[in-house]
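Visitor: A predicted structure for the sequence below; I have some questions about it.
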Amino acid sequence: MATNQMRREAAKRKLENQQKRRAERARRRQRTAIITSASVVVVVVVAVVLLSTVGLPGGGNDTAAPPADAPTPSAAPAALGDCTFTPTPDEPAAKPAPVPSVTTASTSGTAAVSLQTNRGPIPLTLDRTTGPCAVESFLSLVHAGYFNDTPCHRLTTGEGLKVLQCGDPTGQGTGGPGYTINDEPPTNLAPAANGSVVYPRGTLAMAKTSAPNSGGSQFFLVYADSTLPPDYTVFGTVDPEGLATLDAIAQGGSDDKNGPGDGAPRSPVTIQTATAA
């Protein structure tokens, strides 16, 4: 027959076993909570990666020189003078134009081109040392008469971006020559804030979409220092006579169709002829 002492010891052992079981259950719950929290963190990280990778829908296919606060992605550039002219069967030429067949362009020398517009002459000096492939394409289009009787569809007058954009026969900002040109990013422009650079007054540069190597026939003429990402091929300069014409065009302002200080020139600008010397 059990004594009081034996009953007390049995009750003590039972209590100790209960405490051990409760402690073990608590440890299991803690591990489960940690694993669940870690799983939630992984899901959040994956979602962030997906959003960062997929990105958000774009705003159309216009070829443009965007504001400085909208930098564009860049692919690793090819060696200067190594050219890739890629046909775009899904985006046929807005006007008949041959696809240049050269794969290597000269990286020295200049070429003179004259744009005669309804607002006055815009003489250009193309520079093979900064954009040899762009020069090759531009001269090919000039010889094909591609720029003749085409509008300059965009004028920007806002702070930080002052350009006249031309080269699209449709006048809508979406037309091209049926091929794209590899990027030739500038390396000698003055730095600006947030990784941008200053495209100085008198610069002739290629327009493009936000995609790498998407330039075609559109180009822009800088009539006052403009701040942009270093993604736009510089392939020449505007001569003083041409700058005077650009100044007169800029004074007329834009129709602000794309926003304040960005739209078509209020007084239409048409390239009547483009000729190479």
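Guide: Happy to help now that I have it.

Visitor: Is Ser217 in contact with Gln165, as I believe?
Guide: No - at 11.2 Å, Ser217 does not count as touching Gln165 under the criterion of C-beta atoms under 8 Å. Yep, even glycine has a C-beta here, placed from its N, CA and C like the rest.

Visitor: Which one's more surrounded, the two?
Guide: Taking Ser217 and Gln165 together and counting by other C-beta atoms under 10 Å, Ser217 has the greater number of neighbours (29 against 23).

Visitor: Phi, psi for that one please.
Guide: Geometry field for Ser217 lists phi and psi as phi -110, psi -20, criterion degrees, to the nearest 10.

Visitor: Per-residue confidence at it, what does it come out as?
Guide: Per-residue pLDDT puts Ser217 at 98.

Visitor: which residues touch it?
Guide: When the contact criterion is C-beta atoms under 8 Å, 6 or more residues apart in numbering, the partners of Ser217 are 94, 97, 137, 141, 146-147, 167-169, 175-177.

Visitor: With neighbour count, secondary structure and pLDDT added, can I get those in JSON lines?
Guide: Shown next, in JSON lines, are those (neighbours: other C-beta atoms under 10 Å; DSSP: H, G, I helix; E, B strand; the rest coil; pLDDT from 0 to 100):
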{"residue": "Ala94", "neighbour count": "22", "secondary structure": "coil", "pLDDT": "98"}
{"residue": "Ala97", "neighbour count": "22", "secondary structure": "coil", "pLDDT": "96"}
{"residue": "Ser137", "neighbour count": "27", "secondary structure": "helix", "pLDDT": "98"}
{"residue": "Leu141", "neighbour count": "21", "secondary structure": "helix", "pLDDT": "98"}
{"residue": "Tyr146", "neighbour count": "22", "secondary structure": "coil", "pLDDT": "98"}
{"residue": "Phe147", "neighbour count": "24", "secondary structure": "coil", "pLDDT": "98"}
{"residue": "Gly167", "neighbour count": "28", "secondary structure": "coil", "pLDDT": "98"}
{"residue": "Asp168", "neighbour count": "27", "secondary structure": "coil", "pLDDT": "98"}
{"residue": "Pro169", "neighbour count": "22", "secondary structure": "coil", "pLDDT": "98"}
{"residue": "Gly175", "neighbour count": "22", "secondary structure": "coil", "pLDDT": "97"}
{"residue": "Gly176", "neighbour count": "27", "secondary structure": "coil", "pLDDT": "98"}
{"residue": "Pro177", "neighbour count": "31", "secondary structure": "coil", "pLDDT": "98"}
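
Visitor: just these now: which is nearest Asn194?
Guide: Checking the contacts of Ser217 against Asn194 with C-beta to C-beta, the nearest one is Gly167 at 27.6 Å.

Visitor: Count residues in the vicinity of the closest residue to the closest one other than its chain neighbours, would you?
Guide: Spatially, and ignoring its direct neighbours in sequence, Gly167 is nearest to Gln218 (3.9 Å; C-beta to C-beta, 6 or more residues apart in numbering). Close neighbours of Gln218, defined as other C-beta under 10 Å, add up to 26.

Visitor: Verify the contact between Gln218 and Asp168 for me.
Guide: Yes - if you go by C-beta under 8 Å, Gln218 and Asp168 touch, sitting 5.3 Å apart.

Visitor: Tell me where the stretch 101-250 of the chain has helices.
Guide: Counting by DSSP state H, counting those that start in this stretch, the segments of the stretch 101-250 of the chain that form helices are 132-143, 240-251.

Visitor: in the first one, what's buried?
Guide: Of the residues in helix 132-143, those with enough neighbours to count as buried (16 or more other C-beta atoms under 10 Å) are 132-142.
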